[in-house]
Every structure is written in structure tokens, then in C-alpha cells.
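K.L.:
build me a structure from this.
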Amino acid sequence: MNDSERRRKELLELTRQRYSDSTAPPAVHPRYHAVYEDLYGTEDELPGGTLGIHFSVSFFLLYFYPWNIIITKSGT
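P.N.:
Residues are numbered from 1 along each chain as shown. Next up, the predicted model:
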């Protein structure tokens, strides 16, 4: 095994170790990995979801807006 084959195998193993975790952030070119972490943080630093806020706004729009139209029409 010459040096280039050994180096290729080392790089392949390093790449497998780096991207083997399924909870890791999406695949980002290694050159931009540090920038990606600065912008979005690591997995431990990510904020919670906003599903509750989205549900509340959707409920408000889908329930109260038609109700307002019904009340307005019945008052005239």
C-alpha cells in the first residue's frame, strides 16, 4: 500500500466519522462548517420549536375571522 492509498483510506475514515451521527446538522462543506456553527449553533444550542405559536395564530385566523363576518352580517 503506497502513501496515496493510505491517505485516501484515512480521509475516507475521517469522513465517515464526521458524518456518521444522524442527529448532526446537515452536510456542509468542511470549509464552511465553522461559519455554519457560528450562524446556527450546535445541536445543544438550538432553540425550542414554534409549533404552539403557529397553531395559535392559525386557530385565531381560521376561527375568529369567519365568526367576525357572521356577526357583522347578522348585525345589519
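K.L.:
give me the mean pLDDT for stretch 66-76.
P.N.:
Across stretch 66-76, pLDDT averages out at 76.
K.L.:
any buried residues in that stretch, and which?
P.N.:
Judged by neighbour count (16 or more other Cβ atoms under 10 Å), stretch 66-76 contains no buried residues. To be clear about C-beta, it is placed using only N, CA and C from the backbone, and glycine gets the same treatment.
K.L.:
from the chain's centre, how far out does the biggest helix by length in the chain sit?
P.N.:
Among the segments of the chain that qualify as a helix by DSSP state H, the longest is helix 51-75. Its chain's C-alpha centre and that of helix 51-75 lie 29 Å apart, by Cα atoms, centre = their mean, to the nearest Å.
K.L.:
what packs against it?
P.N.:
Using 3 or more Cβ pairs under 8 Å, 6 or more residues apart in numbering; DSSP states H and E, no helix or strand is in contact with helix 51-75.
K.L.:
Three-state assignment for Ala27, please.
P.N.:
Per DSSP: H, G, I helix; E, B strand; the rest coil, the local secondary structure of Ala27 is coil.
K.L.:
how many residues are close by it?
P.N.:
Ala27: 9 surrounding residues under other Cβ atoms under 10 Å.
K.L.:
quick check: pLDDT value at the residue nearest to it when sequence neighbours are not counted.
P.N.:
Closest residue to Ala27 apart from its sequence neighbours, by Cβ to Cβ, 6 or more residues apart in numbering: Tyr19 at 6.3 Å. Looking at Tyr19, its pLDDT is 75.
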